[in-house]
Every structure is written in structure tokens, then in C-alpha cells.
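1. output the structure for:
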Amino acid sequence: MQRKNIYDILKEAKIDLEKEYARIYHMFYRNEIFIGRKYGSPHKIINDNFSYLNKNLVKRCLNIHDFDETYKFSFSDSPYDFDINYLISFCEYILNFIFSSPKNIKNGLQSLTDHIESCMNDIGYTRAIKDNIAIYVESNPAALAVAEIVDDKISYSILEYNHHKLKGDLLNKKNILKHLADDIEPQKQDLKVICEKTQDNLFFLLNHFIRHNNDGKNYIQQMDDSKKEQAYDDAYQLYLCAKLLLQNEEINQRIKPIKDSVKAKNF
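-> Sure, this is the predicted structure:
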């Protein structure tokens, strides 16, 4: 049976991505609203107040046109190369302008923010933020669960790994996995006790593909990029599995004395 892509699946679920894009495009560029004494489309209001936007986002750009030229953004009302990534990029583009705006404008555009968030949630994406810059990543229940229990320094990296722009980006995926490898290393022996097979496979991939420069070894050197990326993705999934197994063992250890006490009182 031929594998369906995400675009086909969403169409069958009655989620028309092009219609969703057209709605958001209209709301941002054409729908005129009042925010205090300001009137116009969200695009116009943000552009008129561009100098107040967070410099972490806009750097030295003077207006939205300058920003678009500098960072090569261009969104059309009828894009010829439309796909799900085009929609996600557009939503990230708008959301970051809103989040970087003064509080009164941010509050005035809450309905647009809510609309984008609802759309992204419906197609299976969730927001991740670092340094006040928002991206949307594919919702991965395991990744979300692990991001909540690890150090803040790597929680964003765990979510970022699922960002659509990292597909095929072996260098950035490898850099993320190096951080994850450093995080799991102190728990190597604990993991072996819980599930030796998971520990063995995870550290095999980390040691042969990620942490050590083994590109010179014949087999790895001859692998094509798609197979290397699959090995990276497998290491990522095993890392998530390992962290959840370790968390589960912590829970089991907390429950054990309670169970022992209850059993003792029943005798």
C-alpha cells in the first residue's frame, strides 16, 4: 500500500490547508481593525509601529519591507509552490511579529494569534519558544513529555529537532543529538539495568554516528544522506524512549515504599 503524505491525510480529514492559508492571509493583510486609535490591517499596524518591535527579532531592519528583503520572506495570496511548510512558515512569520509588538498591539491581535494557534493544533503542530522567537514543531507526545522533565537548556532542542526546516539538515540534527548524548551519558548504567537493549542500541548510534568523528569509517562514509538521517532520527527516538524509561523508574521507586507499607499493614 502506498504511503500517504501529511497533505493527503489532512485533506481526507477535511482540513483544507490552502483555505486555511487564505484565511490567515486575509486576516493579516486585508482585514482592517481598530487597536486603540490605530486602524488598519494587522500588517499595516505592525509596520507603522515597527520601531517598537523587539530588536531580537527585527535587528536593524527599518520596516517590514526591509525585514522581508533582508531575510528573503515573500508570501503570496496565491502561492504556486504551496505546501504545509509554506503555511507553517507564514504562521511563524506573523506570530513572531505579534509577540514582538508592544503589549497593546499584541492584545489587540489576540484573535489572530488564537486563529493561528487553532489551525496549527488541528494539523498537529505545537509552538516552541526560545529567546522570544517562536517556531512550530510537529506534535510528538514523547518529545513533549521529555521536554518537560529535562534541563531547560535542552528542552527547546528536543522540540526543535521536529521542526520542518531540519528535515535533511544533517549538521544541525547532529549538533542537537550531541547535546542529547551529553545529557543521557550520566544515566547510561541506570538505563542498562532498566532496558539493556535500548541502552545498547542508543549508545551504539550515538558513539558511531554522533559523538565521534567516524565519517572516515568505510561503512558510514558510504551511507547516503537519507540513511544517515534515518540513523539520526532513530537515535533521537531512542533517546526519548530512554528518558521516559528512566522517568518511569523514578516513579516506580517512589511508589515502592508506599506499596511496602500498605502490604505490611495488611498482614
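2. which helix in this structure has the most residues?
-> Taking residue count as the measure and DSSP state H as the definition, the longest helix of the chain comes out as helix 225-266.
3. element containing the closest residue to Val58 other than its chain neighbours?
-> Using CB to CB, 6 or more residues apart in numbering and skipping residues adjacent in sequence, the residue nearest Val58 is Phe67, 5.8 Å away. Backbone N, C-alpha and C define where each C-beta goes, glycine included. Assigned by DSSP states H and E, Phe67 belongs to helix 64-71.
4. any buried residues in that helix, and which?
-> For helix 64-71, a neighbour-count test (16 or more other CB atoms under 10 Å) marks 64, 67 as buried.
5. tell me what that helix is packed against?
-> Counting contacts by 3 or more CB pairs under 8 Å, 6 or more residues apart in numbering; DSSP states H and E, helix 64-71 packs against helix 42-48.
6. output the helix it packs on as PDB, nothing but the C-alphas.
-> Backbone C-alpha positions of helix 42-48 (Å, rounded to 0.1, in the frame of the first residue of the first chain) are rendered in PDB as follows:
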ATOM      1  CA  PRO A  42      -2.500  43.900  11.300                       C
ATOM      2  CA  HIS A  43       0.300  44.100   8.700                       C
ATOM      3  CA  LYS A  44      -0.200  47.900   8.500                       C
ATOM      4  CA  ILE A  45      -0.400  48.400  12.300                       C
ATOM      5  CA  ILE A  46       2.700  46.300  12.900                       C
ATOM      6  CA  ASN A  47       4.600  48.200  10.100                       C
ATOM      7  CA  ASP A  48       3.500  51.600  11.500                       C
END
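7. so for it, what's the average pLDDT?
-> Helix 42-48 shows a mean pLDDT of 97.
8. list the buried residues for that helix?
-> Neighbour-count burial for helix 42-48, counted by 16+ other CB under 10 Å, picks out 42-47.
9. I'd like the residues you listed as CSV, with distance to Cys195 appended.
-> Formatted as CSV, these follow (distance: CB to CB, whole Å):
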residue, distance to Cys195
Pro42, 50
His43, 52
Lys44, 56
Ile45, 54
Ile46, 50
Asn47, 54
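10. taking those together, which two end up most distant?
-> Among the buried residues of helix 42-48, the pair separated by the greatest distance (CB to CB) is Pro42 and Asn47, at 9.4 Å.
11. centroid residue for the chain?
-> Val137 (2.8 Å; CA atoms, centre = their mean).
12. pretty sure Leu112 sits against Phe99.
-> No: the pair Leu112 and Phe99 fails to qualify as a contact (CB atoms under 8 Å) at a distance of 11.6 Å.
13. contacts only, for the residue nearest to the centre of the chain.
-> For Val137, the contacting residues are 125-128, 143, 159-163, by CB atoms under 8 Å, 6 or more residues apart in numbering.
14. which one among these gets closest to Ala235?
-> The nearest member of the contacts of Val137 to Ala235, counting by CB to CB, is Tyr161 at 10.4 Å.
15. next, the contact list for the closest one, please.
-> For Tyr161, the contacting residues are 137, 143, 173, 176-177, 236, by CB under 8 Å, 6+ apart.
16. which of the residues you listed fall within strands?
-> Cross-referencing these with the strands (criterion: DSSP state E) gives Val137 as the overlap.
17. so which of the contacts of Tyr161 comes closest to Met223?
-> Each of these was scored against Met223 by CB to CB, and Lys173 proved nearest at 14.5 Å.
18. so how far is Gln221 from the residue lying closest to that closest one once chain neighbours are set aside?
-> Nearest residue to Lys173 in three dimensions, chain neighbours excluded: Tyr232, at 4.8 Å (CB to CB, 6+ apart). Tyr232 sits 16 Å away from Gln221 when distances are taken as CB to CB, to the nearest Å.
19. and the two? Which one has more around it.
-> Counted by other CB atoms under 10 Å, Tyr232 and Gln221 do not tie: Tyr232 has more neighbours, with 21 against 9.
20. for this structure, which residues score under the pLDDT cut-off?
-> Along the chain, segments meeting pLDDT under 70 span 1-14, 213-217, 267.
21. alright, calling it a day.
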